[in-house]
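*Asks:* got a structure for you, letters missing:
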């Protein structure tokens, strides 16, 4: 990106004269590639989410999150219910369109229309969703929606020790930006936070690659990918 030098010899960022701040994301269903992202609702999603997370009896899903694991179903349902009306974070259930089962949760957060910046986070994927085509489809739907709304910057942050999350960010095409040391305290332990992003100028090429990878032709009769996602 080029810079501009003003009359005082000071460099400034490139001009964005035609950019208009986007709206706050509508809390509506996003669908595609066998995935439905539905506004999180305890009555609609808590039972199937709880059943899906039972496949992780040790609670590994929750290690790097500020909530969980949960002592019982009632505590889990209350957590889901507490998220229903939040608009930042704005929570969604990740639903397998074929079965109607909710298999995970995610949220838009740090929503800053005035800056054109938005983050994806609060990812909690049950074992059936982890490392699946459905999980990638969900991430693609969130990205596509954010950039279509006019956001310029799309963020991903994670505990710097969370190696699966860091690997996922890189696979999905995010660029590592750095580590915020001692960023917070999580469950009584220090957390350093790694920051990743993608920007609107990168999105067209990434979108093309996601659409290629998600196409049914890229998967065999057993659901195995024929070629890998190539975002780097």
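*Replies:* Great, that's in hand. What you see is a predicted model; the values in this text were computed from it and never measured. Numbering: from 1, shown residues only.
*Asks:* any stretches of this structure with poor pLDDT?
*Replies:* Scanning the chain for pLDDT under 70 picks out the ranges 1-2.
*Asks:* where along it do the helices fall?
*Replies:* In the chain, helices defined by DSSP state H lie at 42-53, 73-83, 133-149, 163-171, 203-214, listed in chain order.
*Asks:* ok, which of those comes nearest residue 232?
*Replies:* helix 163-171 (7.3 Å; Cβ to Cβ). For the C-beta atoms, the positions are set from N, CA and C on the backbone; glycine is no exception.
*Asks:* buried stuff in that closest one?
*Replies:* 165-166, 168-169 (16 or more other Cβ atoms under 10 Å).
*Asks:* next one: stretch 137-153
*Replies:* By 16+ other Cβ under 10 Å, the buried positions in stretch 137-153 come out as 137-147, 151-153.
*Asks:* again with stretch 11-31
*Replies:* By 16+ other Cβ under 10 Å, the buried positions in stretch 11-31 come out as 22, 25, 30.
*Asks:* tell me how far the nearest residue to the second one once chain neighbours are set aside lies from residue 149.
*Replies:* Nearest-residue entry for residue 25: residue 108, 5.6 Å, with adjacent residues in sequence omitted and distances by Cβ to Cβ, 6 or more residues apart in numbering. From residue 108 across to residue 149, the span is 10 Å (Cβ to Cβ, to the nearest Å).
*Asks:* quick check: neighbours shared by these two?
*Replies:* residue 25 (Cβ atoms under 8 Å, 6 or more residues apart in numbering).
*Asks:* what's the local residue count around residue 210?
*Replies:* Residue 210 has 23 neighbours, counted by other Cβ atoms under 10 Å.
*Asks:* pretty sure it sits against residue 229.
*Replies:* Yes. The pair residue 210 / residue 229 is scored as a contact, 7.3 Å apart, by Cβ atoms under 8 Å.
*Asks:* what sits in contact with each of those two?
*Replies:* By the contact definition Cβ under 8 Å, 6+ apart, residue 210 and residue 229 are jointly contacted by residue 136.
*Asks:* okay, which residue is most central for the protein?
*Replies:* For the chain, residue 120 is the residue whose C-alpha lies nearest the centre (Cα atoms, centre = their mean; 3.6 Å).
*Asks:* now it, nearest residue through space, not along the chain?
*Replies:* Per Cβ to Cβ, 6+ apart, closest to residue 120 is residue 142, 5.3 Å.
*Asks:* what residues are up against residue 94?
*Replies:* Contacts of residue 94 (Cβ under 8 Å, 6+ apart): 35-37, 102-106, 125, 129, 134-135, 138.
*Asks:* how far away is it from residue 22?
*Replies:* As judged by Cβ to Cβ, residue 94 and residue 22 stand 23 Å apart.
*Asks:* beta partners for the residue nearest to residue 112 when sequence neighbours are not counted?
*Replies:* Residue nearest to residue 112 in three dimensions, not counting chain neighbours: residue 118, with 7.1 Å by Cβ to Cβ, 6+ apart. In this entry, residue 118 is beta-bridged to residue 154, by DSSP bridges.
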